[in-house]
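Enquirer: generate coordinates for the sequence data below:
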Amino acid sequence: TLAEISKIEKPEIGEKALSNTIACVDFSRKQGTTDGEFLPETAIQNCTKDLKIMQEYFEENSKNYKDALKEMAVDNLHTVMNISKKWEKLLDTVNSMKDGATKSLIPDVRDVVTHTAMVSDVSKEIKSLKTQLDVQLMSDETTTFETKREEFFGQLKKSISKLKEIDAKLQDVLPTPVNAKESEENLIVKAKKIGKQLLDTTSKPELNQVDFNHFRKYYEHLIAFDKHLSLPNVEIQSTVDTSKAQVFEKVTSFCKEFANAGKDLGKAAEMLVIVKSFAENLSMFDSQINTDIDEALKKSKEKHGAKYITDLSMRLQTTDIGQRVMSEHSLLKGEDWRKRNAKMQKQDDLDYILERLEGDDLDKDMLKRRFRTFKKKYDDLLLSNLLSCDQATQKDSLNTLISNTICFADKVAPNSTSLSLNQTFKDKIPELLAYIFVIWTLQNTEYYNERRGIESSEAYLLKPHVAQVISIFRILGIGYQTSGSSKNLFNNLVQVGTGEGKSVIMAAIACIFALIGVDVNCSCYSDSLSTRDKEAFGSLFGALRIQEHIEYGTFNKLCENLLNEHCDVREKVRDMILKNKSALEIMAKTKRIRPKVLLIDEVDVFLSDEYYGGIYTPVVYLKHPVIKTLLDTIWTNRSIRTLNGIKAMPAYAACASHFSNWTFLLDEAIKDMIASLQSFQSSTYLVQNDRIVYVEGESIAENVVRGYDTIWAYYHENKNGKISSSSLEANVGIIVNCGAFSYAEMPHDFAYITGVTGTLKTLATAEKEILGRVYEVKKSTYMPSVFGECQRSYNSENDVHVVNESEYFMKIRGEIDVFCRAKRAILVFFQSEDKLMKFYHSSELSSIKESVQIITEKVSVKNRELYIKHAATIGKVTLLTRTFGRGTDFICNNQQLLASGGLHVLQTFFSEELSEEYQITGRGARQGDSGSYRMILLDKDLEWVLGASYATELPKILGSTLYDSLHKARSAIFESKCNSKGVGIEQRKKDHNASKDFMTALNTGNITAVKEFLKNQNTGANIATASSRTVLLMDATGSMSSLLSAAKETVCTMFDRAADILSEKGLPSDAFQMQFAIYRNYNSEESKILQVSAWCTKGSGLRAFMNTIDPEGGWGSEAIEVGLLHAVQESDTPESISQVILIGDAPANSQTEVSQKRANFSEAYWKNTKFTAPTHYETELKKLKDKKIPIHTFYLTPYAKSNFEEIAKQTVGRCEALNIQSPQGAESLTHFVTEEILRKMALDAGKAPDIVKAVVELYRKKYVKAFTG
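Expert: Okay, the predicted model is just below:
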């Protein structure tokens, strides 16, 4: 019967059963019998029931088909399509029944997907797959970016694999062959073509720069093809092996020509340059080719002597590549040192340095005396240790010197452990420094030894220059006039220019401190630079036996190491809970005798948001089978919204039993889980590589967990088939927060803070105030350059230009052409990769695009290194992102380029911080070289600095006052952000101190304190009391940097203050939630026009969200309607919302503006987004008004005033002006938002008006200070 249709094997049986049912019922109804003589009513009911079962069977198959098609699950598709094919005739019969007595009994199966429709859908998918495979295997993107290349070939692999699977498994259900073989053959043909191009390139007798570029492109694409696709008969491995063999044939041949050149130095240098060009341009073989160069040089030196190497160097230095041969190959590095020493025209000129030295309380006479003491000791020690030519004697002499240095340090070291340097020790610092530097020099004498006896042999010694020694003296408190300063060590900083040897100063200071019993932390902004510097001075630290007392690293890494030096907090907490401990062992006390000093490299980075303002938040992910079962249970039963409801389940009982000492953490976690189930989908995430990831700025953050929103996102996408079960298993668990340590507080744990930086003079007033007030950095020193006066051509009155969008790219291209025609090189810095790529793909650049270099974070390290080397060559154009404006050395050795004016730097955006601008400027004209700098700015990009009315403000300041006006406005914004940061720092100080107490409790075995802290840190959301829910809607366009910074820095304070007042008034202190929603305009893509946080019951979650938001875009009136639309959607949820707080500096778009601005990306674009239909603020405003949801508005400029007043008035909200850039701006924001939270919270709790008023009055009395003047 049809009731068992799923078990019927032959479709004829089912068709017969349907036919019989229809015939009987039809005959019975036609006879008009009503007494049931012919066909009882029960039989009719059974027929209806059977037909219903048949309908459900078909509908279930349709659902399974849609799921299978969505995920292209081929096995499932085969199953459901076979079913549909089998019952195709029967379904047609049912669908064709329009008449007859049985019509009312026949179920509606019009929504059931027919076999024909299935075949059509799958055919479209097949066509789509074939289209994806019918592509060129090489493009600009896959050539430039390794990650794009890997993604491209990874996608090709998925597409061809899926097509082959369809071909193999769906043959019997598809009317025509898939012919995956054809697509595969096409790929093979294309790969073979690339292989031929590769071999054709390597077959050329000589390779030029274009050939090298082609070789890399062909080789890298073939390697990626083979890695991902591994198709038969392509013979890629054989092709790349042949190409490699051909390359090394050429290298070997040129090395032989070098060897045979003999005394023909011109020929020898030419061959060496050719071989080096292979090493530089073919980075996949660089190690082997560089080894071949070293071997060839070694043999030549053995054959012709050391003078030959010197003479060869003279020839090599006439070309760019030849210069790099000298600097990168050990046998020639001595010549590079000699050349560098010659360039430092003022390195030994003490009078020149002291005359131009600037700083606080300078005692130049003392510095002169101390330097002469150092110089005499250094020269005497060096001379006595250089007398012998015998290597064994030299080694013994060096070992003796090392022992004497350690003894001398022990003898003069101060006895105190508090790092107080007495005058006796300070008097001995010049001699101790001389010992250290002589060891450094003697460790690097190989080039000097080879040239003993020849004129100017001392030029081959690695020596410290005057400015480095004077810098060290000032850092150690020598050379100050202030009375009493000689007795103590005080925090201070020294400015040293780019390329002037900061790393040598840091290493020498580290040696002095480590030798007298102090641990040293050398903090740098770059992990790679830290590693480089540590390795560069590793032999010196090792010789002095102090390497374990000197640590290099980024500031946050050093802080984490400092916090975890007694125990790893994460591991300790994880072990404690998973093992269900009821007591803690007491850690063995390791009394730290040695004080610690902090040496900072680049202080402006130290004061950036990432460090000063950043927090280290160790989090433990508890994973266990019983925890996974509990999470599964909560997800499956997500309609249960109470803690007791979850506690009644067996999964909870199992978990509570297993972690019986920690059930309080389990209960708090469940509260957060339940709260998060209501809002996790509003959080904007992506699924990538079987992981939940988040967009942060322009990049994708993979290792980010946003509370239980991320956990439930894994479950949700696993249900949708986008996350595998193995990924779900690996990425879910119970989250335990283990504190919040403020990086801003960490320097206080060091006995002394000092450092070197290139940007001391350019620090903002607020930054200097922070250094003085917070970190007690009392003195500053500004070192002149040993390379002489700066040769940079730049005048801020004439070299800063603003243009409109139609001229912008044209102007940049014009600048490029001017400097290329002048036989110079140009670096063009962009604010972001997105803006760089827009210019790169523009019609303005198209004619020279192929020869232009790109340096971004996504370019592979090897390629970046190559492009950096090539950047300072005649006619070279390099486009870079701002990241490479700091710490990247573009070394210019080409004399013709320098004679033509040197390297030109063009900045295409206005830096938010002067220090960044200063660093970018410094990429050219380094070390006394010629160079120039200019800015070309896009007018609308200046909204962030001039505000929403930038278009009317710009004409007023164009001309010679442009830069000064922009800089003044920038300084005001920066000061405002620093003020905001101060509020946040103060808030985080409390958390930091509590977290440190927690660490102490962990180490001392105080489990009561540990439990109390963990409970406070992990207090769950209040799900028992109805929450008052506030949407804080903020403009995040270009002009809003001060607001966004203030919101980030003050949100935790808002929550704390609100909770404090509510508790004092006897109201639930945790029964309110807040969500941040930021809006922009229709020149921002879907992912940026509206960004929304999760609903949060703690400020930390909202602060983490704001860390991902940058001000960008903007277009006059802004898309407030998009923000209000979101508020309406939130109000339609079961939880609804209590109020909206709107903050911005521009009014809402008009109806006309909405239409015009949406046309920017086109209506077709927006129709494929969640903003399908255009809306207007008045439309959404009416919906909120009808629901009696108030909107409180705070406008930052008069431009927004009228519109914001109207919005507030319509919804009976509050409207006020907010001067976010005033010194009290951050506090004002805090007051406005917190007061409205309290007011609404009290109203929602049903309190009388006088109680509501009293709550707000208490807040004002306690927290609002009166400002006068």
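
Enquirer: just give me how far the strand or helix carrying Gln1073 sits from the chain centre.
Expert: Gln1073 is part of strand 1072-1079, with elements assigned from DSSP states H and E. Once both centres are worked out by Cα atoms, centre = their mean, to the nearest Å, strand 1072-1079 turns out to sit 24 Å from its chain's centre.

Enquirer: and that strand, what does it pack against?
Expert: Under the contact criterion of 3 or more Cβ pairs under 8 Å, 6 or more residues apart in numbering; DSSP states H and E, strand 1072-1079 touches strand 1028-1035, helix 1041-1064, strand 1090-1092, helix 1099-1106, helix 1120-1131, helix 1225-1244. (C-beta placed from N, C-alpha, C; glycine too.)

Enquirer: tell me who's in contact with the nearest residue to Thr765 once chain neighbours are set aside.
Expert: Using Cβ to Cβ, 6 or more residues apart in numbering and skipping residues adjacent in sequence, the residue nearest Thr765 is Glu975, 6.7 Å away. Residues in contact with Glu975, defined by Cβ atoms under 8 Å, 6 or more residues apart in numbering, are Ala764, Thr765, Ala766, Gln1221.

Enquirer: coming back round to it: any chance of the helices and strands packed on strand 1072-1079 in TSV with mean pLDDT and mean neighbour count as columns?
Expert: Output for those, formatted as TSV (pLDDT from 0 to 100; neighbours: other Cβ atoms under 10 Å):
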stretch	mean pLDDT	mean neighbour count
strand 1028-1035	95	24
helix 1041-1064	91	23
strand 1090-1092	93	20
helix 1099-1106	90	22
helix 1120-1131	97	23
helix 1225-1244	91	22
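
Enquirer: starting from the host helix or strand of Lys1185, tell me the next helix or strand along the chain.
Expert: For Lys1185, the host element (DSSP H and E) is helix 1177-1186. Tracing the chain past helix 1177-1186, the next element assigned as helix or strand by DSSP H and E is strand 1191-1195.

Enquirer: got the angle between the helix or strand that that following strand is followed by and helix 1120-1131?
Expert: Per DSSP H and E, strand 1191-1195 leads on to helix 1198-1210 as the next helix or strand towards the C-terminus. Interaxial angle, helix 1198-1210 versus helix 1120-1131 (axes from the mean of the first three to the mean of the last three Cα atoms, to 10 degrees): 30 degrees.

Enquirer: run through who's touching whatever helix or strand comes next after helix 1198-1210.
Expert: Later in the chain than helix 1198-1210, the nearest helix or strand by DSSP H and E is strand 1215-1217. With contact meaning Cβ under 8 Å, 6+ apart, strand 1215-1217 is reached by His1192, Thr1193, Phe1194, Tyr1195, Leu1196, Lys1201, Phe1204, Glu1205, Ile1207, Ala1208, Lys1209, Phe1232.

Enquirer: tell me the contacts of the fourth one?
Expert: Contacts were defined as Cβ under 8 Å, 6+ apart; by that measure Tyr1195 touches Ile1143, Gly1144, Asp1145, Lys1201, Phe1204, Cys1215, Glu1216, Ala1217, Leu1218.

Enquirer: try 6 Å this time
Expert: Listed by Cβ atoms under 6 Å, 6 or more residues apart in numbering, the contact set of Tyr1195 reads Lys1201, Phe1204, Ala1217.

Enquirer: model confidence for the closest residue in space to it that isn't next to it in sequence, exactly?
Expert: Leaving out its chain neighbours, the residue that sits closest to Tyr1195 by Cβ to Cβ, 6+ apart is Phe1204, at 4.3 Å. The pLDDT attached to Phe1204 in the predicted structure is 98.

Enquirer: got the angle between the one helix or strand Ser980 maps to and helix 1099-1106?
Expert: Here Ser980, judged by DSSP H and E, is contained in helix 962-1004. Put simply, helix 962-1004 runs at 140 degrees to helix 1099-1106, going by the same axes, to 10 degrees.

Enquirer: how much does helix 962-1004 deviate in direction from helix 1041-1064?
Expert: Angle of helix 962-1004 versus helix 1041-1064, following the same axes, to 10 degrees, is 40 degrees.

Enquirer: next structured bit after the lowest-mean-pLDDT helix or strand in the chain?
Expert: The helix or strand of the chain with the poorest confidence is helix 446-450; it has a mean of 63 (mean pLDDT, DSSP states H and E). Next helix or strand after helix 446-450 toward the C-terminus (DSSP H and E): helix 466-475.

Enquirer: list the helices and strands that next one packs on?
Expert: Other helices and strands packing on helix 466-475, by 3 or more Cβ pairs under 6 Å, 6 or more residues apart in numbering; DSSP states H and E, are helix 350-356, helix 364-386, strand 492-495, helix 502-515.

Enquirer: outside of it, which residues touch it?
Expert: Identification of contacts with helix 466-475 by Cβ under 6 Å, 6+ apart yields 350, 353, 367, 370-371, 374, 479, 494, 501, 504-505, 508-509, 754, 781, 783, 786.

Enquirer: and for stretch 610-623?
Expert: Against stretch 610-623 from outside (Cβ under 6 Å, 6+ apart): 555, 560, 569-570, 573-574, 733-734, 736-738, 740-744, 981.

Enquirer: filter those to the buried ones?
Expert: Buried subset of these (neighbour count, 16 or more other Cβ atoms under 10 Å): 555, 560, 569, 573-574, 733-734, 736-738, 740-744, 981.

Enquirer: closest to Ser327 among those?
Expert: Phe555 (29.9 Å; Cβ to Cβ).

Enquirer: how's the protein carved up into domains?
Expert: Each domain of the chain is listed here as a residue range: 2-113, 179-342, 356-554+749-782, 619-737, 799-959, 1025-1263, per automatic domain parsing.

Enquirer: and the end-to-end length of the fifth one?
Expert: Spelled out, that is domain 799-959. Length of domain 799-959, first residue to last, Cα to Cα, to the nearest Å: 10 Å.

Enquirer: hmm, Gln547 is touching Phe541, no?
Expert: Yes - at 4.1 Å, Gln547 counts as touching Phe541 under the criterion of Cβ atoms under 6 Å.

Enquirer: show me which of those two is the more surrounded one.
Expert: The neighbour count for Gln547 versus Phe541, taken as other Cβ atoms under 10 Å, is higher for Phe541 (19 against 16).
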